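Asks: Have a look at this prediction, sequence included:
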Amino acid sequence: MQTGRPARRRSSAISNSPEPQSEPGSPHAGSPRLRRLLRGYLAHLVVERGLSANTIAAYRRDLNRYLEWLAARGIDDIDQVTSADIGAYQADLASGYDAHPPLAVASVARMVVAVRTLHAFAAAELLTASNAAAGITPPKPGKRLPKALPINEVQLLLDGIDRSTPVGLRDAALLELLYGTGARISEVVILDVDDVARVLGDSELGLRLVGKGNKQRLVPLGSYARGALDAWLVRGRPAVIAAAGHSEPALFLNTRGRRLSRQSAWAVIRTRAAQAGITTEISPHSLRHSFATHLLDGGADVRVVQELLGHASVTTTQIYTEVTVDHLREVYRSAHPRALG
């Protein structure tokens, strides 16, 4: 029996929360004791910090991988983990291990932050005598400028969709909405029909979006997005419901009549971009980045773009101004007769 450790108190969050789901290929993801700790930590994130379901799922995924790594090295209690272990885990994430390929710096940083917060929680709950992760510093990713599509490629993407089918009408409405508002995919897939019906009936009304931290904002809805949404609601969505024999309030439905998931919405962007022959690198945020960059290229004030994007700080938005400056520099170098002198 160990001595000199503080008396442990059993958190009600740890004892009453559902078992965390393991990742595919990691059916056990750590010892029962570590899984119980993770269960309590996830409950803490839900109840005390009020994090969203998507954020909780990301923590669960990242920490299941950490527990799996610990279990493979015979560590079955948080009290056994040392700072050297966490440093080795960080190194393995960066270099790759077992069947896992190397991760990008940003991904390593995210996963190390999750590990740090888990250990901080364990220390606060008196489940360990000290916080082994206290001295661990996540790697700092280099600043990555967001990739925006050129305007001509956005036009190819949006104009190339066959709108004669229900799925085509849905995809056109989805992409027009993403580009026309700068919304995140996660903000769009949670919309219900009622959220847009009133807006479509009055051109002066803005669309209410719920972003990170459940913060709400109003964004204007342009004529192209309005037209595409109206066509989807009048002709496309009813046809999907009739074929599926199922309906729910969701604005965007899959072919089974269920709410379109974030992953499926991203697949729509990727597929439609490939069909349009777009060569620029595509990401789930490509249309959001394009929205911001094209507004700034057109002379919009950065603080207006900040409000439209739902950024808490203008510093986050200002990274798009660097993209715009880079674009201006390229134009200058290619067009000005004295640029190379």
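Replies: Received, thanks.

Asks: Over to the residue lying closest to residue 215 once chain neighbours are set aside: give its phi and psi.
Replies: Closest residue to residue 215 apart from its sequence neighbours, by C-beta to C-beta, 6 or more residues apart in numbering: residue 310 at 6.4 Å. (C-beta placed from N, C-alpha, C; glycine too.) With angles defined as degrees, to the nearest 10, residue 310 sits at phi 80, psi 30.

Asks: What pLDDT is listed against the closest residue to residue 261 other than its chain neighbours?
Replies: Ranked by C-beta to C-beta, 6+ apart and with sequence neighbours excluded, the top spatial neighbour of residue 261 is residue 189, at 6.6 Å. What the model reports as pLDDT for residue 189 is 96.

Asks: Please give the number of neighbouring residues around residue 189.
Replies: Residues contacting residue 189 under the criterion other C-beta atoms under 10 Å number 20.

Asks: ditto for the one 5 residues further on
Replies: Close neighbours of residue 194, defined as other C-beta under 10 Å, add up to 9.

Asks: okay but it is in contact with residue 233, surely?
Replies: No - taking contacts as C-beta atoms under 8 Å, residue 194 lies outside contact range of residue 233: 11.2 Å.

Asks: any idea how far the residue nearest to residue 203 when sequence neighbours are not counted lies from residue 241?
Replies: Excluding its sequence neighbours, the residue lying closest to residue 203 (C-beta to C-beta, 6+ apart) is residue 226, at 7.4 Å. To residue 241, residue 226 is 21 Å away according to C-beta to C-beta, to the nearest Å.

Asks: More neighbours: which of the two?
Replies: A direct count of neighbours by other C-beta under 10 Å for residue 226 and residue 241 places residue 226 higher, at 19 against 15.

Asks: Would you check that the more buried one makes contact with residue 197?
Replies: No - between residue 226 and residue 197 there is no contact under C-beta under 8 Å: 11.7 Å.

Asks: where does the chain dip in pLDDT?
Replies: Within the chain, the ranges that satisfy pLDDT under 70 run 1-29, 142-146, 322-341.

Asks: Domain-wise, how is it divided?
Replies: 32-125, 151-335 (the TED database).

Asks: Pretty sure residue 60 sits against residue 41.
Replies: No - with contacts counted by C-beta under 8 Å, residue 60 stays clear of residue 41, the gap being 9.5 Å.

Asks: Can you mark which positions in stretch 158-168 are buried?
Replies: Within stretch 158-168, the residues scored as buried using 16 or more other C-beta atoms under 10 Å are 158, 161, 163, 166, 167, 168.

Asks: who touches the fifth one in this structure?
Replies: Yep, that's residue 167 we're talking about. Neighbour list for residue 167: 236, 240, 255 [criterion: C-beta atoms under 8 Å, 6 or more residues apart in numbering].

Asks: Now residue 133: which helix or strand?
Replies: Using DSSP states H and E, residue 133 sits within no helix or strand.

Asks: and if you look at residue 217?
Replies: Counting by DSSP H and E, residue 217 is found in strand 216-219.

Asks: For stretch 186-194, C-alpha coordinates in CSV please.
Replies: Below are the C-alpha coordinates for stretch 186-194, written out as CSV (Å, rounded to 0.1, in the frame of the first residue of the first chain):
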residue,chain,number,x,y,z
SER,A,186,-21.1,22.2,-38.1
GLU,A,187,-23.3,25.3,-38.0
VAL,A,188,-25.1,24.4,-41.2
VAL,A,189,-25.9,20.8,-40.5
ILE,A,190,-27.8,21.6,-37.3
LEU,A,191,-30.2,24.0,-39.0
ASP,A,192,-33.8,23.0,-39.3
VAL,A,193,-36.3,24.0,-41.9
ASP,A,194,-37.9,26.5,-39.5
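
Asks: Show me what counts as buried in that stretch.
Replies: Of all the residues in stretch 186-194, those buried under the rule 16+ other C-beta under 10 Å are 186, 187, 188, 189, 190, 191, 193.

Asks: if I look at the fourth one, how far off is residue 46?
Replies: What it means is residue 189. When residue 189 is compared with residue 46 (using C-beta to C-beta), they lie 21 Å apart.
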